[in-house]
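1. I'd like to go over a predicted model; first the sequence, then the structure.
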Amino acid sequence: MTDSKYFTTTKKGEIFELKSELNSEKKEKKREAVKKVIASMTVGKDVSALFPDVVNCMQTDNLELKKLVYLYLMNYAKSHPDMAIMAVNTFVKDCEDTNPLIRALAVRTMGCIRVDKITEYLCEPLRKCLKDEDPYVRKTAAVCVAKLYDINAQLVEDQGFLDQLKDLLSDSNPMVVANAVAALSEMNETNISGSMLIEMNSQTINKLLTALNECTEWGQVFILDSLANYSPKDDREALSICERITPRLAHANAAVVLSAVKVLMKFMEILPSDSDFVSTLTKKLAPPLVTLLSSEPEVQYVALRNINLIVQKRPDILKQEMKVFFVKYNDPIYVKLEKLDIMIRLASQANIAQVLSELKEYATEVDVDFVRKAVRAIGRCAIKVEQSAERCVSTLLDLIQTKVNYVVQEAIVVIKDIFRKYPNKYESIISTLCENLDTLDEPEARASMIWIIGEYAERIDNADELLESFLEGFQDENTQVQLQLLTAIVKLFLKRPSDTQQLVQQVLSLATQDSDNPDLRDRGFIYWRLLSTDPAAAKEVVLAEKPLISEETDLLEPTLLDELICHISSLASVYHKPPSAFVEGRPGLRKSLPARNDIGGSSIPAVVTTSQAAVIPSQESLIGDLLSMDLSAPPTTYNPATAPSPSVDLLASGIESLLTSDLNSVPATSAASQSSIGLIGDIFSVPTPSSYVPPKQIWLTAESGKGLEITGTFSRKNGIINMEFLFKNKAMQPMIGFAIQLNKNSFGLTPQRPLQVVNPLIPGGSQEVSLPLSTTGAVQRMEPLTSLQVAIKNSIDVFYFACIVPMNVFFVEDGQMDKRLFLSTWKDIPAQNEMQYTIQNILCNAEVVVQKMTQNNVFTIAKRNVEGQDMLYQSLKLTNGIWVLNELKIQPGNPNITLSLKTQALDVAPGIYQAYEAILRN
């Protein structure tokens, strides 16, 4: 007969009957009575009145009865602490029982009774059980230490239980070792001080690795998680640990596999990335991850969420396994969407044809959410793999022809992004998009179509009619559509002012007078003021060049990704959020991946450069040294907590004091200072002003260019150098067939794409063109250093001219130097390589200087006031990897600023000074 009979009684006077049965002389009757009590307790009845009678049943040799009584005690001890003390003597006695199961049961129950008065009596029995001869008792006692630590951490430390727990790490029984590790991990998580309770060493780690092969699968998980928190002292130890952990990848339990992957992912950061072992390990990690995808859907989903993180960190691991992420017809939707996301992350030029073929099939499925995601994925492929863009656009056009409403709308949304990524390339399809205008009913699709019409209004003959059709139901539109419609009509007006004046007045009136949305109203007022006071400024703002959109906008922020890699196989890796975001209470220790090649006592890494074109400069020139310097170690990241405190003379004997003295930290980025600018930028959908752009200069006069006049300048936007042209045709005939070629130059400037001038350039017409440049071309020293020789060809002739590139466009975004590295580098550069300049008549205080220079990729390492004089220490890096260290002396009230700079290549010094002067005067 089953135990269900204990849950069916509804008799009155039940407590009284149970009381008499509990005091019965017959053991069988007593056991039945305790079962009835536990049953009543389980269904929520209050049986606490029987506490003394149940406690009396503890005096028995029957293990089953003892377990039931202990279960009752754990439930009611907190509400009856005074009565619970009655059981202490029995606990202590049971801890010395001859039966190891009873000893373990007693110490486990005492640990679960969270009553301070009992805790005092727990210490001595626990100490004995930690040294018990039976491993089952020892492993139970190890977990009990963690429970006691949660109740009273100070007591555990005072009683020396931490040392006993550390001794258990060397136990001969692997399960004892695993439980000791689990207890220590739990205690570290809840440790308020944030420091490790017990530091692991090589000897302890070796014992853990030995126990790893013999304990149960959950014991292996505990040990692997503990290994993940260990930092090896050198490459050799990391390599040894990885070799001994690798066999766990073949384990049948998914938790063991993912825990092993977590340890290997962490230690791979320490090992040299170009080593054969890392290459082999990368290949070994793929099969176990693929195997996880043959499990049931729930396990697949957890595996996919973890794989998503792994692929973001190390895409090479699964780059050959694209097919396993192809969606199956019977996959649940949550698995399908996750697979789709990973497919995009693994997409490359090598497999893009295969991926697009799959995505096109997915776009014909019946699941609407999945189809939408598939269409968006095609757009992401186009943005990520440039070579596939044309094929992606063709695929999207085919999908638009299906006339399936939600497919068409998603396609238009992603085509808008493709236009942003590849301007002036695929605009020929706009007419096809306009044919589907009437079918759009979703706000995002309508807003995207309106953006396309406004952005390319000069190419759409009936752009005004199309936008007017949207305007008819303006009040009923979604806010997103209203904002986009307002901006699009203003763009149209600036491009075709003569025939759209009434339209722009109508939309401005609707936005400012008839709307109660503050965002829409504010944008309307700003446009109105711009157009009414300074139409030229309005044109510069509204029609400014848009920044190219990023390849991967959904990647996790690097520091968050590193933290989540340390939490693989936990809930954090499924939520893609750090534990502190969803676990209440104490946050515990924050985990992060180790700095690459920076273990133990290794030296501070040297400065890094980007890859450079191979050059053979003239031997007698300093530029040869500048371009061939071997600065090949990894980049150092700026840490505000360790920024140096400048002194008047960095070369003086007191330089070391910079490491310890107080300083005014300078923000790592200029984001905060530009927040207000960024907000305005968002309103206008234009890039925020950042680096200094010199005013345009005449590069080719109309007389020399046979009617073609070229003015221009250089700018740096989003890490790309741009050559900004204004072409004016002052001849009597149209000009077509424009092309450009740059001569070899000091910094390897070369066009990223052909010169795109809309043909023809009619007589009297003008056109602004932005040409992105890269620094991967042939290098040859020029005089002056930043001189650039240009050849422009058109249907009339080939024209040659030279221009000077401002030095600030070569300042790269990763020019922040670590404080200690700054100090050591300044010392290493000889005194004769220091140049000093005076920048005159500059009315800027130190804060303004910091802000202006940060916007131009000159980063302030530290700031200090010495005898009323502000001292700034700044670093910058050029595109060819040359670092320049600067010291600025700013005296309040004095319009002159002293600039001292040190660099290994003094040829760049005059250009740096000129850049400083131009930026600060701007």
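-> It's in. Numbering: from 1, shown residues only.

2. rest of the way, CA atoms for contacts and neighbours
-> OK.

3. can you list the weak-confidence ranges in the chain?
-> In the prediction, the chain carries residues with pLDDT under 70 at positions 1-13, 192-196, 550-554, 585-590, 592, 595-690.

4. From the centroid of it, which residue is nearest?
-> The centroid of the chain falls nearest to Glu557 when counting by CA atoms, centre = their mean (1.0 Å).

5. ok, it to Val311 distance?
-> As defined by CA to CA, to the nearest Å, Glu557 lies at a distance of 14 Å from Val311.

6. now swap in Pro288 and tell me
-> Taking CA to CA as the measure, Pro288 and Val311 are separated by 14 Å.

7. And Leu486, by the same measure?
-> Computed as CA to CA, the Leu486 to Val311 distance reads 41 Å.

8. who's more crowded, the two?
-> The neighbour comparison of Leu486 against Val311 (other CA atoms under 10 Å) goes to Leu486, with 26 against 17.

9. element containing the more buried one?
-> Here Leu486 is covered by helix 479-495, with elements defined by DSSP states H and E.

10. Give me the buried positions along the helix or strand following that helix.
-> If you walk from helix 479-495 toward the C-terminus, the next helix or strand you reach (DSSP H and E) is helix 501-512. Residues of helix 501-512 classed as buried by neighbour count (16 or more other CA atoms under 10 Å): Leu503, Val504, Val507, Leu508, Ser509, Leu510, Ala511, Thr512.

11. Other residues contacting helix 501-512?
-> Counting contacts by CA atoms under 8 Å, 6 or more residues apart in numbering, the residues outside helix 501-512 that touch it are 464, 468, 471, 474, 486, 489-490, 493, 520-522, 524-525, 527-528.

12. quick one: the helices in the stretch 251-400 of the chain?
-> Under the criterion DSSP state H, counting those that start in this stretch, the stretch 251-400 of the chain contains helices at 254-268, 276-292, 297-313, 333-346, 352-362, 368-384, 389-401.

13. could you give the angle of the shortest one to helix 389-401?
-> Looking back up the chat, that one is helix 352-362. For helix 352-362 against helix 389-401, the angle between stretch directions is 10 degrees (axes from the mean of the first three to the mean of the last three CA atoms, to 10 degrees).

14. again with the second one
-> Between the axes of helix 276-292 and helix 389-401, defined by the same axes, to 10 degrees, the angle is 10 degrees.

15. The first one now?
-> Between the axis of helix 254-268 and that of helix 389-401 there is an angle of 150 degrees, by the same axes, to 10 degrees.

16. Going forward, count from 635.
-> Let's use 635 as the start, then, which means that last one is helix 888-902.

17. Helix 888-902 packs against which elements?
-> Helices and strands in packing contact with helix 888-902 are listed as helix 851-862, helix 869-879, helix 910-926, helix 1192-1199; criterion 3 or more CA pairs under 8 Å, 6 or more residues apart in numbering; DSSP states H and E.

18. How far away from the center of its chain is the longest one?
-> Just to be clear, that refers to helix 910-926. 24 Å (CA atoms, centre = their mean, to the nearest Å).

19. picking that back up, now tell me what touches the helix holding Leu1120 from outside.
-> Outside helix 1113-1129, the residues that touch it by CA under 8 Å, 6+ apart are 1077-1078, 1080-1081, 1084-1085, 1087-1089, 1091-1092, 1097-1098, 1101, 1104-1105, 1108, 1134-1135, 1137-1138, 1141-1142, 1145, 1151, 1154, 1157-1158, 1161, 1173, 1176-1177, 1318.

20. Can you say which of those are buried?
-> 1077-1078, 1080-1081, 1084-1085, 1087-1089, 1091, 1097-1098, 1101, 1104-1105, 1108, 1134, 1137-1138, 1141-1142, 1145, 1154, 1157-1158, 1161, 1173, 1176-1177, 1318.

21. Which of those fall within helices?
-> With helices defined by DSSP state H, the entries of these inside them are 1077-1078, 1080-1081, 1084-1085, 1087-1089, 1097-1098, 1101, 1104-1105, 1137-1138, 1141-1142, 1145, 1154, 1157-1158, 1161, 1173, 1176, 1318.

22. what's near enough to touch Phe1359?
-> In this structure, Phe1359 makes contact with Ile1344, Thr1345, Gly1346, Thr1347, Glu1402, Val1403, Ser1404, Leu1405, judged by CA under 8 Å, 6+ apart.

23. What is the burial count for the nearest residue to Ser682 once chain neighbours are set aside?
-> Take Ser682 and drop its neighbours on the chain: the residue closest to it by CA to CA, 6 or more residues apart in numbering is Tyr710, 6.7 Å away. The burial count assigned to Tyr710 is 18, neighbours taken as other CA under 10 Å.

24. can you give me the strands in the chain?
-> If you assign secondary structure with DSSP state E, the strands in the chain sit at 1331-1334, 1342-1351, 1354-1363, 1373-1376, 1384-1385, 1400-1408, 1421-1427, 1432-1438, 1468-1473, 1493-1500, 1503-1511, 1517-1524, 1531-1537.

25. Asn657 is nearest to which of those?
-> strand 1493-1500 (79.4 Å; CA to CA).

26. Show me which residues of that closest one are buried.
-> Along strand 1493-1500, the positions that meet the burial threshold by neighbour count (16+ other CA under 10 Å) are Phe1493, Thr1494, Ile1495, Ala1496, Lys1497, Arg1498, Asn1499.

27. do the same with stretch 897-914
-> With the criterion 16+ other CA under 10 Å, stretch 897-914 contains buried residues Val897, Leu898, Met899, Lys900, Phe901, Met902, Glu903, Ile904, Leu905, Phe911, Val912.

28. Now render those as CSV, adding distance to Glu992.
-> Putting those into CSV (distance: CA to CA, whole Å) gives the following:
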residue, distance to Glu992
Val897, 34
Leu898, 32
Met899, 30
Lys900, 34
Phe901, 36
Met902, 33
Glu903, 34
Ile904, 38
Leu905, 37
Phe911, 34
Val912, 32
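
29. I figured Lys841 hits Ser804, correct?
-> Yes. Lys841 is in contact with Ser804 according to CA atoms under 8 Å; the separation is 6.2 Å.

30. Those two - which one has more neighbours?
-> Looking at Lys841 and Ser804 with other CA under 10 Å, you find the greater number of neighbours at Ser804, namely 19 against 16.

31. List the residues that contact the more buried one.
-> Ser804 makes contacts with Val811, Thr838, Lys841, Leu842, as judged by CA under 8 Å, 6+ apart.

32. again with Lys1007
-> Listed by CA under 8 Å, 6+ apart, the contact set of Lys1007 reads Leu971, Leu974.

33. do the same with the one 4 residues further on
-> Shown in contact with Ala1011 (CA under 8 Å, 6+ apart): Leu974, Asp975, Ile978, Leu993.

34. List just the nearest of these to Pro1544.
-> Each of the contacts of Ala1011 was checked against Pro1544 using CA to CA; the closest is Ile978, at 46.7 Å.

35. Quick one: neighbours of that closest one, just the number.
-> Ile978 is surrounded by 20 other residues when neighbours are defined as other CA under 10 Å.

36. measure it to Gly1339 for me?
-> Distance of Ile978 to Gly1339, given as CA to CA: 48 Å.

37. So Val1208 versus Pro1192, what's the distance?
-> Applying CA to CA to Val1208 and Pro1192 gives a distance of 17 Å.

38. neighbour-wise, which of these two wins?
-> Residue environment comparison for Val1208 versus Pro1192 gives the larger neighbour count to Val1208, 20 against 11, counting by other CA under 10 Å.

39. The more buried one touches Ile941, doesn't it?
-> No. Applying CA under 8 Å as the test, Val1208 and Ile941 come out as separate, 10.0 Å apart.

40. Just give the closest residue to Ala1172, not the sequence neighbours.
-> According to CA to CA, 6+ apart, the nearest residue to Ala1172 is Leu1164 (5.3 Å).

41. Save the strands of the chain as CSV, and put in distance to Tyr770 too.
-> Shown next, in CSV, are those (distance: least, CA to CA, whole Å):
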stretch, distance to Tyr770
strand 1331-1334, 85
strand 1342-1351, 66
strand 1354-1363, 65
strand 1373-1376, 78
strand 1384-1385, 72
strand 1400-1408, 67
strand 1421-1427, 79
strand 1432-1438, 80
strand 1468-1473, 71
strand 1493-1500, 58
strand 1503-1511, 61
strand 1517-1524, 62
strand 1531-1537, 67
